[in-house]
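*Asks:* how does the following fold in three dimensions:
(2 chains)
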Amino acid sequence: MFRIILTLSAVLGMTSIVFAENVPITGTVESKCSVSTEVDGVYGTPQPYKLSTATSDGGVLPKIRFDTSQAGYYLARITVPSSFSSSPSLSDTVEWTGSTSVESMSDTGMSGYEAAKVTYGNTTDYDLTVAGSVWINVSSTATYGVDTSMPQGEYTAIVVAECIAQ
Amino acid sequence: MKYIILFLALFVSPVYSHEMTPTYPVFDQSYVSGLSKTSVKLFNRRDDVRFYKIDVYDREWNKVQFATENQLVIVNYLETKTIDIYVRNRDRIKIEFICTESKLVKGEVKSTGVSSRICSRIKRD
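*Replies:* Model (predicted):
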């Protein structure tokens, strides 16, 4: 009897070992790009007729991060605002200026990004030739009319950050 | 050292990102005659965005007609969604880019918002 119980226990024990599943962790390495918003910008109002994201004007610069897992597959494109996405009713024209600049990078090989950037109109292109992360600051300024105060209300504008496969 | 910095940047800082794969999708014949199909995978790590718009373009960035379940897709925070895209076989040759663009909800954007767009390029044999 004891021998039978011992044998059954051994068989059940072996069975339970079979039931102990391995938990696989799978992953795929492939080229990809992700666009991250590190800081949402805020307009400061240094003058009644001016909105600016510059720190010296009381604003906060939007900061965008581009991550690429493999070099040379993507182009980063940033378009600074040229209109408000929402604002009070404006009767005068708004003059827009904006720029982008590389703030930091994960690889020293990216140090040439700023010099190699291509700007046309409101858009700037960075060729992501090195794998890793690059942080880009965006500045935006809106100047309203000629010595005219902006109407009271909330103003919002959108920065467009793109990753385009090459 | 650079990999440590990259790791810290990717996994430690509180970031909100938009990710799409593959970089180079390929169109295959679909089960519907006259239509080709491809799929892209969208991962939403932006907690401020739920809506993503899909667009298909030719080399000159002109829009090309396509069909999908919803052109405006709801992808919740940390959710991955696979999107099937169908185009006519005769349009397949001119398609160059498939893009997903985050759509910001009016009223939720404070001062300046960032709209992200990722474009994959069609792989040619």
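*Asks:* straight-line length of stretch B:76-91, end to end?
*Replies:* By Cα to Cα, to the nearest Å, the extent of stretch B:76-91 from end to end equals 31 Å.
*Asks:* need the contact list for the residue nearest the centre of chain A.
*Replies:* Nearest to the mean C-alpha position of chain A, counting by Cα atoms, centre = their mean, stands A:S36 at 2.5 Å. The contact partners of A:S36, by Cβ atoms under 8 Å, 6 or more residues apart in numbering or on different chains, come to A:64-67, B:15-18, B:45. The way it works is simple: take the backbone N, C-alpha and C, and place the C-beta from them, glycine included.
*Asks:* as CSV, these with pLDDT, distance to B:S36 and neighbour count would be great.
*Replies:* CSV is the format used below for these (pLDDT from 0 to 100; distance: Cβ to Cβ, whole Å; neighbours: other Cβ atoms under 10 Å in any protein chain shown):
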residue, pLDDT, distance to B:S36, neighbour count
A:I64, 94, 34, 25
A:R65, 94, 34, 25
A:F66, 94, 30, 26
A:D67, 93, 31, 23
B:V15, 57, 35, 20
B:Y16, 72, 34, 20
B:S17, 84, 30, 21
B:H18, 86, 26, 27
B:R45, 88, 30, 16
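*Asks:* among the residues you listed, which are located in helices?
*Replies:* Using DSSP state H, no member of the contacts of A:S36 falls in helices.
*Asks:* what's the closest of those to A:E95?
*Replies:* Using Cβ to Cβ, A:I64 is the member of those that sits closest to A:E95, with 23.7 Å.
*Asks:* which residues touch the closest one?
*Replies:* By Cβ under 8 Å, 6+ apart, the contact set of A:I64 is A:35-38, A:78, A:135-136, A:138, A:159, A:161, B:114.
*Asks:* and for residue 59, nearest residue in space, chain neighbours not counted?
*Replies:* Assuming you mean chain A. Once flanking residues are discounted, A:G59 sits nearest to A:G44: 3.5 Å by Cβ to Cβ, 6 or more residues apart in numbering or on different chains.
*Asks:* wrong one, chain B
*Replies:* Closest to B:R59 by Cβ to Cβ, 6+ apart is B:E96, at 4.4 Å.
*Asks:* now the helix or strand encompassing that neighbour: average pLDDT?
*Replies:* Using DSSP states H and E, B:E96 sits in strand B:95-103. For strand B:95-103, mean pLDDT rounds to 94.
*Asks:* run through chain A and note the low-pLDDT ranges.
*Replies:* Applying pLDDT under 70 to chain A flags residues A:1-20, A:26-28.
*Asks:* and the helices in it, which stretches?
*Replies:* Under DSSP H, chain A gives helices at A:2-19, A:113-116.
*Asks:* and the last one, what does it pack against?
*Replies:* Under the contact definition 3 or more Cβ pairs under 8 Å, 6 or more residues apart in numbering or on different chains; DSSP states H and E, helix A:113-116 sits against strand A:94-105, strand A:123-128.
*Asks:* switch the cut-off to 7 Å
*Replies:* On a contact count with 3 or more Cβ pairs under 7 Å, 6 or more residues apart in numbering or on different chains; DSSP states H and E, helix A:113-116 meets strand A:94-105.
*Asks:* so what touches the strand it packs on?
*Replies:* A:63, A:78, A:80-82, A:111, A:113-114, A:122, A:124, A:132, A:134-144 (Cβ atoms under 7 Å, 6 or more residues apart in numbering or on different chains).
*Asks:* tally of neighbours for B:K81?
*Replies:* Using other Cβ atoms under 10 Å in any protein chain shown, B:K81 is surrounded by 15 other residues.
*Asks:* ok, A:G153 next?
*Replies:* A:G153 has 10 nearby residues by other Cβ under 10 Å.
*Asks:* test my guess that it contacts A:P88.
*Replies:* Yes - if you go by Cβ atoms under 7 Å, A:G153 and A:P88 touch, sitting 3.4 Å apart.
*Asks:* any idea how far B:V49 is from the residue nearest in space to the middle of chain B?
*Replies:* By Cα atoms, centre = their mean, chain B has its centre lying nearest to B:T100, at 3.1 Å. Distance, B:T100 to B:V49, by Cβ to Cβ, to the nearest Å: 11 Å.
*Asks:* kindly export the strand holding B:E96 (C-alpha atoms) in CSV.
*Replies:* Extracted C-alpha coordinates of strand B:95-103, given in CSV (Å, rounded to 0.1, in the frame of the first residue of the first chain):
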residue,chain,number,x,y,z
ILE,B,95,1.0,55.4,-51.7
GLU,B,96,4.1,56.6,-49.9
PHE,B,97,3.1,57.5,-46.3
ILE,B,98,0.7,56.3,-43.6
CYS,B,99,0.4,58.7,-40.7
THR,B,100,-1.2,58.8,-37.4
GLU,B,101,-1.7,62.2,-35.7
SER,B,102,-2.8,62.9,-32.2
LYS,B,103,-5.9,65.1,-31.9
